[in-house]
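build the 3D model from these lines:
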Amino acid sequence: MGRNTEIKAKLDSIEAAITELENLSTEGPFVLFQEDTFYNIEKGRLKWRRMPDREELIYYHRPDTAEPCISQYRIVDVSKQSQLKEVLGLALGIKGQVKKNRTLYLVGQTRVHLDEVESLGSFMELEVVLREDQTEKEGQKIAHTLMKKLGIQEQCLLDSAYIDML
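Residues are numbered from 1 along each chain as shown. Take a look at the predicted model:
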């Protein structure tokens, strides 16, 4: 199962974040449209992600906290599996849907997402992709350092997923 340290923050100005990220990033920007359908489950979150070129089923579990924290995830390619999506909806029930335009930048081992989320506004997510030999503390340190460079204030950090804000 993959692991990353992540944060999510509300942005007042996406333009200011773009300017800073263009100076810091090693790759990007990559612009992606994503439509996530969330299912009702008891532990963690399960979503079907539709993108123009592929579809993925993603399970992840992370504490609902505003601090940088570990998220464990598993991603399965489900392109051309629309019947499976229908069966999951029937079996589990659909919690809701999130539509967003995401701009992805890579800063070292960190994926930085600038998200324009339908009905919610502008956000930034940092995902420090941890190697097997890295600890949660190392991921938190990387996240805090990047937060400072990007001017992300603690009071802007969010403790929930987009689906929970709708």
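
when you work out contacts or count neighbours from here on, use the C-alpha atoms and nothing else.
OK.

and the pLDDT at the nearest residue to residue 65 once chain neighbours are set aside?
Nearest residue to residue 65 in three dimensions, chain neighbours excluded: residue 159, at 4.3 Å (CA to CA, 6 or more residues apart in numbering). Per-residue pLDDT puts residue 159 at 94.

give the contact list for residue 159.
Residues in contact with residue 159 (CA atoms under 8 Å, 6 or more residues apart in numbering) are 8, 64, 65, 66, 67.

the first one belongs to a helix, doesn't it?
No. Secondary structure assignment (DSSP: H, G, I helix; E, B strand; the rest coil) places residue 8 in strand, not in a helix.

thought it was touching residue 122?
No. Residue 8 lies out of contact with residue 122 (CA atoms under 8 Å); the separation is 10.7 Å.

ok so, going back, show me which pair in the contacts of residue 159 is furthest apart.
With CA to CA as the measure, no two of these lie farther apart than 8 and 64, at 10.8 Å.

between the two, which has more neighbouring residues?
Between residue 8 and residue 64, counted using other CA atoms under 10 Å, the more crowded position is residue 8 (25 against 12).

so in terms of bridging, what pairs with the more buried one?
residue 125 (DSSP bridges).

quick check: longest helix of this structure.
helix 136-150 (DSSP state H).

mind listing residues that contact it?
4-7, 17, 20-21, 68-70, 126-130, 153.

buried residues in it, which are they?
For helix 136-150, the neighbour count (16 or more other CA atoms under 10 Å) marks 136, 139, 140, 142, 143, 144, 146, 147, 150 as buried.

state the distance from the fifth one to residue 53.
Spelled out, it's residue 143. 30 Å (CA to CA, to the nearest Å).

circling back: other SSEs contacting the next helix or strand after the longest helix of the chain?
Later in the chain than helix 136-150, the nearest helix or strand by DSSP states H and E is helix 162-165. Packing partners of helix 162-165 (3 or more CA pairs under 8 Å, 6 or more residues apart in numbering; DSSP states H and E): strand 94-107.

quick one: strands adjacent to the strand it packs on?
strand 27-39 (antiparallel), strand 110-117 (antiparallel).

what sits up against the last one?
Just to be clear, that refers to strand 110-117. For strand 110-117, contacts defined as CA under 8 Å, 6+ apart pick out 14, 98-106, 122-129.

for the lowest-mean-pLDDT helix or strand in the chain, packing partners?
Within the chain, confidence by mean pLDDT, DSSP states H and E is lowest for helix 14-24 among all helices and strands, at a mean of 90. If you count contacts as 3+ CA pairs under 8 Å, 6+ apart, helix 14-24 packs onto helix 136-150.
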